[in-house]
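> can't give you the sequence, but here's the structure:
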Ligand SMILES: [Mg+2]
């Protein structure tokens, strides 16, 4: 079977693939650090808003930036939420990019994390300033867990987001629970499910293209 992978590629379709809590289990690492330093026992169920850290840490000296960077510094303990094989499949079917708004201090650890977990994957890494907006990239497809990105995509149109929501009570991303599903914002339980939906979409696009070609003859 020659060319079975190349025929899946919907030409020019750029895919933005988020890092924190989509590629890597950043949330669990952050919770581990907070709990160890404060003697708390927070779980994912407690993270009920995007600004949860700021809202709960008013009386504490712990800074989000230091906790976040400490979590990434310990990248060897950070769990990948997707396999190399899955990302390789995606990068054959799409113009695959990791796109992240992570703090600059953590970036070099991300490179180590990617090299350690996905050594054979060749993917572009795009760093955006926090709040500068992934939408400005003019990509067509997004995999992300950020509720405000979901709200923007719902309003702006022309783009599709696969919103990762967490697959079990222990891993639920409560901070994006309020986002409704629509044609533009598609709910997926976890990153594996996002990969499956994207691969199914790539096959459908290819079949449609082949039908069009046949009908035009
Ligand atoms: Mg994220």
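Ah, there it is. Just so we're clear, the structure is a prediction, and the values are computed from it rather than from any experiment.
> those residues of the protein touching the ion, which are they?
Taking Cβ under 5 Å from the ion as the measure of proximity, the chain contacts the ion at 18, 20-21, 145. From N, CA and C alone the C-beta is placed, and that goes for glycine too.
> which stretches of the chain form strands?
Secondary structure of the chain (DSSP state E): strands at 14-17, 95-100, 124-127, 141-144, 160-164, 185-188.
> could you report the neighbour count for residue 138?
Residue 138 has 8 neighbouring residues, counting by other Cβ atoms under 10 Å.
> nope, residue 34 is what I meant
Other residues near residue 34 come to 23 when the count uses other Cβ under 10 Å.
> tabulate the strands of the chain (a markdown table), appending mean neighbour count and distance to residue 53.
Shown next, in a markdown table, are those (neighbours: other Cβ atoms under 10 Å; distance: least, Cβ to Cβ, whole Å):
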| stretch | mean neighbour count | distance to residue 53 |
| --- | --- | --- |
| strand 14-17 | 23 | 24 |
| strand 95-100 | 21 | 18 |
| strand 124-127 | 14 | 21 |
| strand 141-144 | 25 | 19 |
| strand 160-164 | 24 | 19 |
| strand 185-188 | 20 | 24 |
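> so can I have JSON lines of those showing mean pLDDT and distance to residue 89?
Listed next are those as JSON lines, based on pLDDT from 0 to 100; distance: least, Cβ to Cβ, whole Å:
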{"stretch": "strand 14-17", "mean pLDDT": "96", "distance to residue 89": "12"}
{"stretch": "strand 95-100", "mean pLDDT": "96", "distance to residue 89": "10"}
{"stretch": "strand 124-127", "mean pLDDT": "94", "distance to residue 89": "17"}
{"stretch": "strand 141-144", "mean pLDDT": "96", "distance to residue 89": "13"}
{"stretch": "strand 160-164", "mean pLDDT": "97", "distance to residue 89": "15"}
{"stretch": "strand 185-188", "mean pLDDT": "98", "distance to residue 89": "16"}
